[in-house]
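A.B. asks: Sequence plus predicted model, see below.
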Amino acid sequence: MNETIKLLHNHRSIRKFTPEKLTKEEVRTIVEAGQRASTSSNVMAYSIIGITDENIKKELRKVSGQPYVENNGYLFVICADLSRIANLDSDAVHENVKQNLESTEQFIVATVDGALVTQNMVIAAEALGFGACYLGSLRNDINRVDELLKLPEYVIPLFGLAVGHPDHEPNLKPRLPFEAVFHENTYQQATHKHVESYDRTISDYYQARDSNLKDDNWSKQMLRKYKIPTRIDVAAYVQSKNINKQ
C-alpha cells in the first residue's frame, strides 16, 4: 500500500486541536491544493471563506453548538457559488442564463464542486500533519450564517471545515462493508446481512474505543436521525438565494 492510500485509509475526524494556528502559507497551500480538484466544465462553482475574526467564530460556534468551530487552527466555510457567472459584465448574461443558474442541475454542480475542493483540502491538510473535521452543523441556522458572512445572491454556505494540529488520537471508525456500497453494472439492494454485520462491527467499536463508550449501532442511529425532520428551513433559504428554484 503506497503512502497516499495509507493516508486515505487513516482518515478520522479531529475535533480537538492545540491552540497553535495555521500560518498564512499553510492556509494558502491547503486552499491551492483544493483548487486542483476536478470541477464541472471548469465552472469552479464554489468559494472558500477563511474565518479569522474571533467574534464571527464565536457566533458560528453558537450556530453549530460545537466547541471546535471556535477552537481550531483555522476555520473555513465552503460555499456553493454561482454569483461569478450571474455577475459577469456581459450582454450575454440575460434571463436565460440566470434561469439556468437557478436550476437543480446547477445546484448539484455547485454542491459537488464544493465537496470536491474540500476533500482535496482535507487530504492536503492531513498530508501536512494536520487534522480536520467537516462541519455540517453550520446549517443548523443557515440564515444566521448567511447574515454573518454577508453572502450575496447565488451564494450559499454548504459546510465548514475546521483544521489544526490534533490534540487527540481518535480510534479509526469502521465503514460499511465493501459489498454494501459497491454495485456492478446495476444497483443491488443491500442485504440485511451486510447491515447486520456492520451493526455488530460498529457496536464493538463503540464499546472498545478510548472515550464516549456507548451501546449503539448504525441501524439505531439512522432510525433516530431520520425520524425527526431537521434543518427544514434550508430549502426555502436556498431558493431565496435564487438557487435550486426549478
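C.D. replies: Right, received. Where do you want to start?

A.B. asks: Dump the helix or strand of the chain with the lowest mean pLDDT to CSV, restricted to CA.
C.D. replies: Scoring the helices and strands of the chain by mean pLDDT, DSSP states H and E places helix 95-101 at the bottom, with a mean of 83. Presented in CSV, the C-alpha positions along helix 95-101 are these (Å, rounded to 0.1, in the frame of the first residue of the first chain):
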residue,chain,number,x,y,z
GLU,A,95,-32.6,36.0,-18.5
ASN,A,96,-31.9,32.5,-20.0
VAL,A,97,-28.5,32.4,-18.3
LYS,A,98,-30.0,33.2,-14.9
GLN,A,99,-32.8,30.7,-15.3
ASN,A,100,-30.2,28.0,-16.0
LEU,A,101,-28.2,29.1,-12.9
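
A.B. asks: separation between residue 13 and residue 200?
C.D. replies: Using CB to CB, to the nearest Å, we find residue 13 at a distance of 22 Å from residue 200. Just so you know, the C-beta spots here come from the backbone N, C-alpha and C atoms, and that holds for glycine as well.

A.B. asks: And the next helix or strand past the longest strand along the chain?
C.D. replies: Across the chain, the longest stretch assigned as strand under DSSP state E is strand 155-164. Sequence-wise, the next helix or strand beyond strand 155-164 is helix 178-181, with elements assigned using DSSP states H and E.

A.B. asks: And the helices in the chain?
C.D. replies: In chain order, the chain shows helices spanning 3-9, 24-35, 54-64, 83-86, 95-101, 104-127, 142-149, 178-181, 192-208, 218-227, 234-240, with DSSP state H as the criterion.

A.B. asks: Report all helices and strands that the longest one contacts.
C.D. replies: With contacts taken as 3 or more CB pairs under 8 Å, 6 or more residues apart in numbering; DSSP states H and E, helix 104-127 sits against helix 3-9, helix 24-35, strand 46-51, strand 74-81, strand 131-135, strand 155-164.

A.B. asks: Excluding sequence neighbours, find me the nearest residue to residue 124.
C.D. replies: With sequence-adjacent residues excluded and distances taken as CB to CB, 6 or more residues apart in numbering, residue 124 is closest to residue 33, at 3.5 Å.
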